[in-house]
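*Asks:* Got a predicted structure here, sequence first:
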Amino acid sequence: MKYRAIFLLLTLCCVTLPVAAQDARLAAGSAKDVVETACGMCHSLSYIPMNSRFMTPDVWKAEVTKMRTAFGAPIDDDAANEIIAYLIANYGVSPK
Amino acid sequence: MAGLGALASHPAGAATLPWLSPDLPDGTRAEAHLVKVANKSPLIQLSEHPPNLETPIQAFRSAITPNDQFFVRYHLAGIPEPKALEGWALELDGDAAEHPVRLTRQDLDDLPQSEVIAVCQCSGNRRGLVPAHVPGVEWGYGAMGCASWHGPKLRDVLARAGIRPEAVEIWFNGADYPILPVTPPFHKSLPMSKALADETIIATSMNGGPLPLLNGFPARLVVPGWTSTYWMKHLTHLTISKTPIDNFWMTKAYRVPAGMFPVAKPFPTQDNTATWPITDITVNSLVAAPIDGEQVDRSGVTVRGVAWDRGNGILRVDVSLDGGKTWRGAFLDRELSPYAFRTFSLDTGALPRGKVEIRARATSNTRETQPDVWKSNAAGYHYNVPQKLTVTVV
(Lines give C-alpha, C1' and ligand atoms only; values in the text may rest on other atoms or scores of the structure.)
Protein backbone atom coordinates (compact mmCIF):
# COMPACT_ATOMS: atom_id res chain seq x y z
CA MET A 1 0.00 0.00 0.00
CA LYS A 2 2.79 2.31 0.97
CA TYR A 3 4.57 1.64 -2.31
CA ARG A 4 1.39 2.13 -4.27
CA ALA A 5 0.94 5.52 -2.65
CA ILE A 6 4.49 6.55 -3.38
CA PHE A 7 4.21 5.29 -6.94
CA LEU A 8 1.03 7.33 -7.36
CA LEU A 9 2.72 10.42 -6.02
CA LEU A 10 5.73 10.02 -8.25
CA THR A 11 3.56 9.37 -11.27
CA LEU A 12 1.45 12.44 -10.71
CA CYS A 13 4.39 14.65 -9.93
CA CYS A 14 6.99 13.33 -12.27
CA VAL A 15 7.97 16.79 -13.46
CA THR A 16 8.32 18.11 -9.92
CA LEU A 17 10.97 17.18 -7.43
CA PRO A 18 9.89 17.12 -3.81
CA VAL A 19 10.56 20.52 -2.29
CA ALA A 20 11.51 19.19 1.09
CA ALA A 21 14.85 17.59 1.45
CA GLN A 22 15.40 16.22 4.91
CA ASP A 23 14.95 19.67 6.42
CA ALA A 24 13.23 18.40 9.52
CA ARG A 25 13.88 15.11 11.25
CA LEU A 26 10.56 13.40 11.67
CA ALA A 27 9.87 10.82 14.33
CA ALA A 28 10.50 7.20 13.38
CA GLY A 29 7.46 5.19 12.43
CA SER A 30 6.18 2.83 9.81
CA ALA A 31 4.53 5.64 7.82
CA LYS A 32 7.46 8.06 8.04
CA ASP A 33 8.50 7.58 4.42
CA VAL A 34 4.92 7.96 3.19
CA VAL A 35 4.61 11.19 5.18
CA GLU A 36 7.92 12.50 3.85
CA THR A 37 6.92 11.82 0.27
CA ALA A 38 3.30 12.97 0.46
CA CYS A 39 3.76 16.08 2.61
CA GLY A 40 7.25 16.97 1.42
CA MET A 41 6.10 17.14 -2.16
CA CYS A 42 4.72 20.64 -1.63
CA HIS A 43 6.15 21.96 1.62
CA SER A 44 8.91 21.54 4.15
CA LEU A 45 8.42 18.83 6.70
CA SER A 46 9.06 21.41 9.44
CA TYR A 47 5.36 22.32 9.22
CA ILE A 48 4.68 19.08 11.11
CA PRO A 49 6.83 19.53 14.25
CA MET A 50 6.08 23.28 14.17
CA ASN A 51 2.44 22.37 14.69
CA SER A 52 3.05 20.18 17.72
CA ARG A 53 2.00 19.17 20.15
CA PHE A 54 -1.45 20.60 20.39
CA MET A 55 -3.52 19.06 17.60
CA THR A 56 -6.16 16.46 18.49
CA PRO A 57 -6.89 13.54 16.14
CA ASP A 58 -9.80 15.43 14.57
CA VAL A 59 -7.63 18.48 13.90
CA TRP A 60 -4.85 16.41 12.27
CA LYS A 61 -7.45 14.61 10.20
CA ALA A 62 -8.90 17.94 9.08
CA GLU A 63 -5.43 19.17 8.08
CA VAL A 64 -4.76 16.14 5.91
CA THR A 65 -8.23 16.45 4.38
CA LYS A 66 -7.54 20.12 3.63
CA MET A 67 -4.30 19.20 1.86
CA ARG A 68 -6.20 16.72 -0.31
CA THR A 69 -9.39 18.67 -1.03
CA ALA A 70 -8.32 22.33 -0.94
CA PHE A 71 -4.77 21.94 -2.27
CA GLY A 72 -5.21 18.82 -4.40
CA ALA A 73 -2.52 16.66 -2.79
CA PRO A 74 -2.61 13.34 -4.66
CA ILE A 75 -2.96 11.08 -1.62
CA ASP A 76 -5.34 8.14 -1.77
CA ASP A 77 -7.56 7.09 1.14
CA ASP A 78 -5.23 4.35 2.37
CA ALA A 79 -2.17 6.59 2.35
CA ALA A 80 -4.18 9.36 4.03
CA ASN A 81 -5.19 7.01 6.82
CA GLU A 82 -1.59 5.95 7.34
CA ILE A 83 -0.45 9.57 7.39
CA ILE A 84 -3.17 10.63 9.82
CA ALA A 85 -2.37 7.76 12.19
CA TYR A 86 1.35 8.65 12.12
CA LEU A 87 0.69 12.35 12.77
CA ILE A 88 -1.68 11.62 15.63
CA ALA A 89 0.73 9.15 17.23
CA ASN A 90 3.85 11.30 16.88
CA TYR A 91 2.66 14.89 16.80
CA GLY A 92 -0.82 14.88 18.30
CA VAL A 93 -2.53 15.16 21.66
CA SER A 94 -5.46 13.25 23.09
CA PRO A 95 -8.98 14.43 22.31
CA LYS A 96 -10.17 17.10 24.71
CA MET B 1 13.38 26.20 -4.39
CA ALA B 2 14.52 28.52 -7.02
CA GLY B 3 16.05 31.84 -6.28
CA LEU B 4 16.84 31.43 -2.62
CA GLY B 5 20.42 30.42 -2.88
CA ALA B 6 21.68 27.81 -0.51
CA LEU B 7 19.74 27.65 2.70
CA ALA B 8 21.42 26.24 5.72
CA SER B 9 19.86 23.06 6.99
CA HIS B 10 18.83 22.82 10.60
CA PRO B 11 22.04 22.00 12.46
CA ALA B 12 21.71 18.89 14.53
CA GLY B 13 21.01 19.74 18.15
CA ALA B 14 20.68 23.46 17.48
CA ALA B 15 19.81 25.29 20.65
CA THR B 16 16.43 26.92 21.01
CA LEU B 17 16.73 30.66 20.51
CA PRO B 18 16.58 31.92 24.09
CA TRP B 19 14.53 34.98 23.24
CA LEU B 20 11.75 33.09 21.44
CA SER B 21 8.53 33.46 23.38
CA PRO B 22 7.83 30.63 25.84
CA ASP B 23 4.18 30.93 24.73
CA LEU B 24 4.98 29.33 21.35
CA PRO B 25 4.23 25.62 20.89
CA ASP B 26 7.14 23.46 22.10
CA GLY B 27 7.50 22.01 18.61
CA THR B 28 7.83 25.49 17.12
CA ARG B 29 10.50 26.45 19.64
CA ALA B 30 12.45 23.33 18.78
CA GLU B 31 12.11 23.80 15.03
CA ALA B 32 12.65 27.57 14.64
CA HIS B 33 16.24 28.59 14.03
CA LEU B 34 18.19 31.47 12.56
CA VAL B 35 18.97 31.13 8.88
CA LYS B 36 20.85 33.35 6.48
CA VAL B 37 19.35 33.49 3.00
CA ALA B 38 20.53 35.57 0.07
CA ASN B 39 20.45 39.33 0.69
CA LYS B 40 19.02 38.93 4.19
CA SER B 41 20.42 39.12 7.69
CA PRO B 42 19.75 36.03 9.80
CA LEU B 43 16.01 35.55 10.21
CA ILE B 44 13.99 33.01 12.19
CA GLN B 45 13.10 30.24 9.79
CA LEU B 46 9.80 28.48 10.45
CA SER B 47 9.80 26.72 7.11
CA GLU B 48 12.21 26.55 4.20
CA HIS B 49 9.71 25.64 1.44
CA PRO B 50 7.82 27.83 1.11
CA PRO B 51 10.11 30.31 2.87
CA ASN B 52 8.57 31.63 6.06
CA LEU B 53 11.11 33.79 7.86
CA GLU B 54 10.42 35.95 10.88
CA THR B 55 12.15 39.15 11.93
CA PRO B 56 13.94 38.88 15.31
CA ILE B 57 12.32 41.05 17.96
CA GLN B 58 15.47 43.17 18.36
CA ALA B 59 14.70 44.84 15.01
CA PHE B 60 11.62 46.57 16.40
CA ARG B 61 13.51 49.21 18.36
CA SER B 62 13.15 51.59 15.42
CA ALA B 63 10.21 52.66 13.27
CA ILE B 64 11.69 51.47 9.98
CA THR B 65 12.53 47.80 9.46
CA PRO B 66 15.57 47.42 7.19
CA ASN B 67 15.10 45.45 3.97
CA ASP B 68 17.59 42.80 5.01
CA GLN B 69 15.65 42.15 8.22
CA PHE B 70 12.18 42.30 6.72
CA PHE B 71 10.09 39.14 7.27
CA VAL B 72 9.22 36.74 4.45
CA ARG B 73 5.96 34.90 4.00
CA TYR B 74 4.87 32.68 1.10
CA HIS B 75 1.99 30.22 0.82
CA LEU B 76 3.28 28.30 -2.17
CA ALA B 77 6.78 26.97 -2.66
CA GLY B 78 7.24 28.15 -6.26
CA ILE B 79 9.32 31.32 -6.04
CA PRO B 80 10.18 33.04 -9.33
CA GLU B 81 13.81 32.99 -10.39
CA PRO B 82 15.27 36.50 -10.77
CA LYS B 83 15.97 35.57 -14.39
CA ALA B 84 12.28 34.84 -14.96
CA LEU B 85 11.47 38.37 -13.80
CA GLU B 86 13.70 40.00 -16.40
CA GLY B 87 11.45 41.71 -18.91
CA TRP B 88 8.73 41.78 -16.27
CA ALA B 89 5.49 43.50 -17.23
CA LEU B 90 2.15 44.08 -15.55
CA GLU B 91 -0.93 42.95 -17.48
CA LEU B 92 -4.28 44.69 -16.94
CA ASP B 93 -7.56 43.42 -18.32
CA GLY B 94 -11.00 42.27 -17.18
CA ASP B 95 -14.66 42.50 -18.08
CA ALA B 96 -14.89 45.92 -16.41
CA ALA B 97 -11.75 47.32 -18.05
CA GLU B 98 -12.09 49.73 -20.95
CA HIS B 99 -9.22 48.02 -22.78
CA PRO B 100 -6.40 45.67 -21.84
CA VAL B 101 -2.96 47.17 -21.38
CA ARG B 102 0.53 45.87 -20.67
CA LEU B 103 2.74 48.12 -18.58
CA THR B 104 6.50 47.89 -18.27
CA ARG B 105 8.55 48.97 -15.29
CA GLN B 106 9.30 52.18 -17.21
CA ASP B 107 5.56 52.81 -17.64
CA LEU B 108 5.11 52.55 -13.87
CA ASP B 109 8.06 54.87 -13.27
CA ASP B 110 6.56 57.42 -15.68
CA LEU B 111 3.36 57.73 -13.61
CA PRO B 112 3.19 60.21 -10.69
CA GLN B 113 5.05 58.66 -7.75
CA SER B 114 3.83 58.36 -4.16
CA GLU B 115 5.51 57.40 -0.95
CA VAL B 116 3.78 55.81 2.02
CA ILE B 117 5.36 54.61 5.23
CA ALA B 118 3.27 51.67 6.33
CA VAL B 119 3.27 48.51 8.41
CA CYS B 120 3.18 45.26 6.47
CA GLN B 121 1.85 42.67 8.91
CA CYS B 122 0.88 39.09 8.23
CA SER B 123 -2.70 38.27 9.25
CA GLY B 124 -1.30 35.42 11.32
CA ASN B 125 1.38 37.41 13.13
CA ARG B 126 1.47 36.09 16.74
CA ARG B 127 -0.65 33.05 15.86
CA GLY B 128 1.85 30.92 17.75
CA LEU B 129 1.15 32.88 20.93
CA VAL B 130 -2.61 32.37 21.15
CA PRO B 131 -3.56 30.59 24.38
CA ALA B 132 -5.08 27.46 22.75
CA HIS B 133 -2.88 26.84 19.72
CA VAL B 134 -4.42 26.59 16.27
CA PRO B 135 -2.82 25.06 13.16
CA GLY B 136 -0.88 27.24 10.75
CA VAL B 137 2.49 28.92 10.56
CA GLU B 138 3.24 29.45 14.24
CA TRP B 139 4.48 33.01 14.10
CA GLY B 140 5.84 34.80 17.12
CA TYR B 141 6.13 38.59 17.16
CA GLY B 142 8.04 39.15 13.96
CA ALA B 143 5.74 38.52 10.98
CA MET B 144 5.63 42.25 10.45
CA GLY B 145 7.74 45.21 9.44
CA CYS B 146 7.41 48.88 8.56
CA ALA B 147 8.98 50.38 5.45
CA SER B 148 8.85 53.42 3.25
CA TRP B 149 7.18 52.20 0.06
CA HIS B 150 7.50 54.10 -3.20
CA GLY B 151 5.70 53.80 -6.53
CA PRO B 152 2.58 54.82 -8.44
CA LYS B 153 -0.89 54.82 -6.92
CA LEU B 154 -2.88 51.73 -7.85
CA ARG B 155 -5.70 53.93 -9.13
CA ASP B 156 -3.37 55.68 -11.59
CA VAL B 157 -2.19 52.32 -12.87
CA LEU B 158 -5.79 51.08 -13.21
CA ALA B 159 -6.68 54.27 -15.09
CA ARG B 160 -4.30 53.20 -17.84
CA ALA B 161 -6.74 50.35 -18.59
CA GLY B 162 -9.81 52.42 -17.82
CA ILE B 163 -12.34 51.41 -15.17
CA ARG B 164 -15.93 50.86 -16.24
CA PRO B 165 -18.63 51.87 -13.74
CA GLU B 166 -19.71 48.28 -13.24
CA ALA B 167 -16.36 47.27 -11.67
CA VAL B 168 -16.79 45.79 -8.18
CA GLU B 169 -13.35 44.31 -7.43
CA ILE B 170 -9.77 44.37 -8.61
CA TRP B 171 -8.36 40.83 -8.78
CA PHE B 172 -4.62 40.35 -8.71
CA ASN B 173 -1.90 37.77 -8.72
CA GLY B 174 1.85 37.45 -8.72
CA ALA B 175 4.63 35.35 -10.18
CA ASP B 176 4.92 32.87 -7.31
CA TYR B 177 3.20 29.58 -8.04
CA PRO B 178 2.07 26.26 -6.57
CA ILE B 179 4.14 23.08 -6.95
CA LEU B 180 1.12 21.06 -8.07
CA PRO B 181 -0.92 22.42 -10.97
CA VAL B 182 -4.12 21.49 -9.10
CA THR B 183 -3.30 23.66 -6.06
CA PRO B 184 -5.20 26.97 -6.17
CA PRO B 185 -2.77 29.72 -7.17
CA PHE B 186 -2.54 32.60 -4.72
CA HIS B 187 -4.94 35.13 -6.22
CA LYS B 188 -6.60 37.84 -4.13
CA SER B 189 -8.86 40.85 -4.65
CA LEU B 190 -9.68 44.27 -3.26
CA PRO B 191 -12.96 46.19 -3.19
CA MET B 192 -13.00 49.32 -5.34
CA SER B 193 -13.00 51.57 -2.26
CA LYS B 194 -9.59 50.28 -1.13
CA ALA B 195 -8.17 49.80 -4.63
CA LEU B 196 -8.86 53.44 -5.48
CA ALA B 197 -7.84 54.82 -2.07
CA ASP B 198 -5.17 57.47 -1.83
CA GLU B 199 -2.87 55.26 0.24
CA THR B 200 -2.88 52.14 -1.96
CA ILE B 201 0.15 51.96 -4.25
CA ILE B 202 2.21 49.56 -6.33
CA ALA B 203 5.63 49.70 -4.69
CA THR B 204 8.67 49.44 -6.92
CA SER B 205 11.02 50.47 -4.16
CA MET B 206 11.32 49.82 -0.44
CA ASN B 207 13.27 52.00 1.99
CA GLY B 208 14.98 53.70 -0.94
CA GLY B 209 16.24 50.51 -2.57
CA PRO B 210 14.81 47.84 -4.85
CA LEU B 211 12.41 45.39 -3.29
CA PRO B 212 14.29 42.29 -2.14
CA LEU B 213 13.30 39.25 -4.21
CA LEU B 214 11.62 37.65 -1.19
CA ASN B 215 9.64 40.82 -0.47
CA GLY B 216 8.11 40.99 -3.92
CA PHE B 217 10.63 42.22 -6.51
CA PRO B 218 10.06 43.90 -8.90
CA ALA B 219 6.69 45.29 -7.73
CA ARG B 220 4.24 44.54 -4.97
CA LEU B 221 0.92 45.91 -3.86
CA VAL B 222 0.99 48.06 -0.74
CA VAL B 223 -2.37 48.23 1.02
CA PRO B 224 -1.78 50.39 4.11
CA GLY B 225 -3.95 49.57 7.11
CA TRP B 226 -4.81 46.09 5.82
CA THR B 227 -3.02 42.86 6.66
CA SER B 228 -0.40 41.75 4.18
CA THR B 229 -2.44 38.94 2.60
CA TYR B 230 -3.46 41.65 0.11
CA TRP B 231 0.09 42.97 -0.45
CA MET B 232 0.68 40.77 -3.49
CA LYS B 233 4.37 40.14 -4.25
CA HIS B 234 5.87 39.90 -7.76
CA LEU B 235 2.64 41.49 -9.03
CA THR B 236 1.97 40.37 -12.61
CA HIS B 237 -1.72 40.78 -13.32
CA LEU B 238 -4.62 43.09 -12.42
CA THR B 239 -8.16 42.19 -13.46
CA ILE B 240 -10.83 44.89 -13.30
CA SER B 241 -13.89 42.77 -12.63
CA LYS B 242 -17.67 43.02 -12.64
CA THR B 243 -17.89 40.04 -10.32
CA PRO B 244 -16.32 38.99 -7.01
CA ILE B 245 -13.36 36.62 -7.18
CA ASP B 246 -14.25 33.11 -6.03
CA ASN B 247 -11.30 31.03 -4.83
CA PHE B 248 -9.91 29.26 -1.77
CA TRP B 249 -7.71 32.19 -0.69
CA MET B 250 -10.64 34.61 -0.52
CA THR B 251 -13.73 32.57 0.33
CA LYS B 252 -12.22 29.90 2.64
CA ALA B 253 -8.96 31.31 3.99
CA TYR B 254 -8.32 34.69 5.61
CA ARG B 255 -11.81 34.96 7.08
CA VAL B 256 -12.83 36.38 10.47
CA PRO B 257 -16.20 36.19 12.23
CA ALA B 258 -18.56 38.82 10.75
CA GLY B 259 -18.40 42.09 12.67
CA MET B 260 -15.78 40.95 15.20
CA PHE B 261 -13.13 43.54 14.29
CA PRO B 262 -13.47 47.21 13.27
CA VAL B 263 -13.36 47.95 9.56
CA ALA B 264 -12.85 51.30 7.81
CA LYS B 265 -13.66 50.28 4.26
CA PRO B 266 -16.05 47.34 3.99
CA PHE B 267 -15.60 44.49 1.54
CA PRO B 268 -19.29 43.71 0.84
CA THR B 269 -18.69 41.55 -2.25
CA GLN B 270 -16.76 39.04 -0.09
CA ASP B 271 -18.91 39.14 3.08
CA ASN B 272 -21.29 36.39 4.07
CA THR B 273 -23.54 36.15 7.11
CA ALA B 274 -21.01 34.19 9.18
CA THR B 275 -17.63 35.57 8.12
CA TRP B 276 -15.93 38.55 6.54
CA PRO B 277 -12.57 38.67 4.84
CA ILE B 278 -9.86 39.84 7.22
CA THR B 279 -8.99 43.45 6.40
CA ASP B 280 -7.94 46.07 8.95
CA ILE B 281 -4.96 45.55 11.26
CA THR B 282 -5.88 45.73 14.96
CA VAL B 283 -4.21 48.19 17.34
CA ASN B 284 -1.10 46.68 18.85
CA SER B 285 2.29 47.33 20.43
CA LEU B 286 5.52 45.50 20.99
CA VAL B 287 8.24 45.99 23.59
CA ALA B 288 11.56 45.26 21.85
CA ALA B 289 13.81 46.28 24.72
CA PRO B 290 14.38 44.88 27.20
CA ILE B 291 13.85 41.28 26.05
CA ASP B 292 11.71 38.82 27.97
CA GLY B 293 13.87 37.04 30.53
CA GLU B 294 16.69 39.57 30.38
CA GLN B 295 18.61 40.76 33.45
CA VAL B 296 18.51 44.52 34.00
CA ASP B 297 20.33 46.79 36.41
CA ARG B 298 18.43 48.20 39.38
CA SER B 299 19.28 51.71 38.26
CA GLY B 300 16.58 51.18 35.65
CA VAL B 301 16.07 50.55 31.98
CA THR B 302 14.49 52.27 29.01
CA VAL B 303 11.47 50.30 27.81
CA ARG B 304 11.21 50.84 24.07
CA GLY B 305 9.26 49.47 21.17
CA VAL B 306 6.67 50.23 18.54
CA ALA B 307 2.91 50.73 18.37
CA TRP B 308 0.70 50.67 15.29
CA ASP B 309 -2.88 50.34 14.13
CA ARG B 310 -5.01 50.36 10.97
CA GLY B 311 -4.27 53.93 9.99
CA ASN B 312 -6.03 56.03 12.60
CA GLY B 313 -2.73 56.70 14.32
CA ILE B 314 -1.56 56.03 17.85
CA LEU B 315 -2.91 58.26 20.61
CA ARG B 316 -0.94 56.81 23.51
CA VAL B 317 1.07 53.88 24.76
CA ASP B 318 0.87 52.96 28.42
CA VAL B 319 3.49 50.86 30.14
CA SER B 320 3.04 48.86 33.32
CA LEU B 321 5.94 47.74 35.50
CA ASP B 322 3.79 45.77 37.94
CA GLY B 323 1.99 43.23 35.80
CA GLY B 324 -0.85 45.55 34.79
CA LYS B 325 -1.84 47.02 38.16
CA THR B 326 -0.65 50.57 37.38
CA TRP B 327 0.20 52.22 34.08
CA ARG B 328 2.35 55.17 32.98
CA GLY B 329 2.16 57.01 29.69
CA ALA B 330 5.19 56.38 27.48
CA PHE B 331 6.94 59.04 25.40
CA LEU B 332 5.90 58.85 21.74
CA ASP B 333 8.32 59.81 19.01
CA ARG B 334 7.15 61.77 15.98
CA GLU B 335 4.52 60.07 13.82
CA LEU B 336 6.05 59.13 10.45
CA SER B 337 2.62 58.25 9.00
CA PRO B 338 -0.67 57.09 10.52
CA TYR B 339 0.08 53.68 8.98
CA ALA B 340 3.63 53.43 10.34
CA PHE B 341 5.19 52.04 13.48
CA ARG B 342 5.24 54.73 16.17
CA THR B 343 8.22 54.31 18.44
CA PHE B 344 7.71 54.75 22.17
CA SER B 345 9.95 54.76 25.22
CA LEU B 346 9.70 54.94 28.96
CA ASP B 347 12.56 55.32 31.42
CA THR B 348 11.66 53.16 34.37
CA GLY B 349 13.86 54.87 36.94
CA ALA B 350 15.21 52.75 39.77
CA LEU B 351 13.67 49.29 39.99
CA PRO B 352 13.22 46.92 42.94
CA ARG B 353 15.39 43.81 42.89
CA GLY B 354 13.69 40.63 41.74
CA LYS B 355 11.20 39.92 39.00
CA VAL B 356 9.45 42.81 37.26
CA GLU B 357 6.62 42.14 34.81
CA ILE B 358 6.45 44.68 32.00
CA ARG B 359 3.44 45.24 29.75
CA ALA B 360 2.64 47.79 27.07
CA ARG B 361 -0.79 48.77 25.80
CA ALA B 362 -1.47 51.00 22.79
CA THR B 363 -4.58 53.11 22.17
CA SER B 364 -5.43 54.56 18.78
CA ASN B 365 -6.84 57.97 17.94
CA THR B 366 -10.23 56.28 17.54
CA ARG B 367 -9.87 54.97 21.12
CA GLU B 368 -9.37 51.35 20.08
CA THR B 369 -7.11 49.74 22.63
CA GLN B 370 -5.43 46.37 23.10
CA PRO B 371 -7.89 44.07 24.88
CA ASP B 372 -7.14 42.00 27.99
CA VAL B 373 -8.91 39.06 26.39
CA TRP B 374 -8.27 38.10 22.77
CA LYS B 375 -11.21 38.05 20.40
CA SER B 376 -10.77 34.36 19.67
CA ASN B 377 -11.17 33.22 16.08
CA ALA B 378 -10.47 29.87 14.47
CA ALA B 379 -7.49 30.88 12.34
CA GLY B 380 -5.63 32.71 15.11
CA TYR B 381 -5.77 36.20 13.58
CA HIS B 382 -5.36 39.57 15.28
CA TYR B 383 -3.77 38.37 18.52
CA ASN B 384 -3.20 41.73 20.19
CA VAL B 385 -3.49 41.29 23.95
CA PRO B 386 -0.72 43.23 25.71
CA GLN B 387 2.56 41.35 25.51
CA LYS B 388 3.87 40.30 28.92
CA LEU B 389 7.56 40.12 29.63
CA THR B 390 9.44 39.51 32.82
CA VAL B 391 12.89 40.84 33.59
CA THR B 392 15.10 40.10 36.55
CA VAL B 393 16.39 43.20 38.30
CA VAL B 394 19.84 42.71 39.83
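*Replies:* That came through fine.
*Asks:* So B:V303 versus B:R328, what's the distance?
*Replies:* Shown here: B:V303 relative to B:R328, a distance of 10 Å by C-beta to C-beta, to the nearest Å. Every residue, glycine included, has its C-beta placed from N, CA and C.
*Asks:* Name the residues contacting each of the two.
*Replies:* Listed contacts common to B:V303 and B:R328 are B:V319, B:L346; contacts here mean C-beta atoms under 8 Å, 6 or more residues apart in numbering or on different chains.
*Asks:* Is B:L53 in contact with B:L43, as I believe?
*Replies:* Yes. With contact defined as C-beta atoms under 8 Å, B:L53 and B:L43 form a contacting pair (3.9 Å).
*Asks:* Tell me the buried residues in stretch B:340-348?
*Replies:* The neighbour-count criterion (16 or more other C-beta atoms under 10 Å in any protein chain shown) identifies B:A340, B:F341, B:R342, B:T343, B:F344, B:S345, B:L346, B:T348 as the buried residues of stretch B:340-348.
*Asks:* now the strands for the stretch 151-300 of chain B?
*Replies:* Using DSSP state E, counting those that start in this stretch, the strands of the stretch 151-300 of chain B run over residues B:169-174, B:187-191, B:201-203, B:205-206, B:209-210, B:220-222, B:235-241, B:255-257, B:275-277, B:284-289, B:295-296.
*Asks:* Can I get these in a markdown table including distance to chain A, mean neighbour count and mean pLDDT?
*Replies:* Shown next, in a markdown table, are the strands of the stretch 151-300 of chain B (distance: least, C-beta to the nearest C-beta, whole Å; neighbours: other C-beta atoms under 10 Å in any protein chain shown; pLDDT from 0 to 100):
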| stretch | distance to chain A | mean neighbour count | mean pLDDT |
| --- | --- | --- | --- |
| strand B:169-174 | 17 | 24 | 98 |
| strand B:187-191 | 14 | 23 | 98 |
| strand B:201-203 | 27 | 27 | 98 |
| strand B:205-206 | 26 | 22 | 98 |
| strand B:209-210 | 26 | 13 | 96 |
| strand B:220-222 | 22 | 26 | 98 |
| strand B:235-241 | 21 | 22 | 98 |
| strand B:255-257 | 13 | 18 | 98 |
| strand B:275-277 | 16 | 23 | 98 |
| strand B:284-289 | 22 | 23 | 98 |
| strand B:295-296 | 30 | 14 | 96 |
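*Asks:* what about the residue in the stretch 201-350 of chain B positioned nearest to chain A, how many neighbours?
*Replies:* At 5.4 Å from chain A, B:F248 is the closest residue in the stretch 201-350 of chain B, using C-beta to the nearest C-beta. The burial count assigned to B:F248 is 17, neighbours taken as other C-beta atoms under 10 Å in any protein chain shown.
*Asks:* ok so, going back, out of the strands of the stretch 151-300 of chain B, which gets nearest to B:H99?
*Replies:* For the strands of the stretch 151-300 of chain B, distance to B:H99 was read as C-beta to C-beta. The smallest value, 10.4 Å, belongs to strand B:235-241.
*Asks:* Quick check: the gap between the residue positioned nearest the centre of chain B and B:N272.
*Replies:* Among the residues of chain B, B:Q121 comes closest to the average C-alpha position under C-alpha atoms, centre = their mean, at 1.3 Å. Plainly put, B:Q121 is 25 Å away from B:N272 if you go by C-beta to C-beta.
*Asks:* B:G78 now?
*Replies:* Separation of B:G78 from B:N272 (C-beta to C-beta): 30 Å.
*Asks:* quick one, which of these two is more surrounded?
*Replies:* The residue with more neighbours, out of B:G78 and B:N272, is B:G78; 22 against 10, by other C-beta under 10 Å.
*Asks:* Enumerate every residue touching the closest residue to the more buried one other than its chain neighbours.
*Replies:* Nearest residue to B:G78, sequence neighbours excluded (C-beta to C-beta, 6 or more residues apart in numbering or on different chains): B:Y177, at 3.7 Å. With contact taken as C-beta under 8 Å, 6+ apart, B:Y177 is in contact with B:L76, B:G78, B:P80, B:P185.
*Asks:* burial of the nearest residue to the third one once chain neighbours are set aside, as a residue count?
*Replies:* Closest residue to B:P80 in three dimensions, ignoring its sequence neighbours and counting by C-beta to C-beta, 6+ apart: B:A175, at 4.1 Å. Neighbours of B:A175 under the rule other C-beta under 10 Å: 20.
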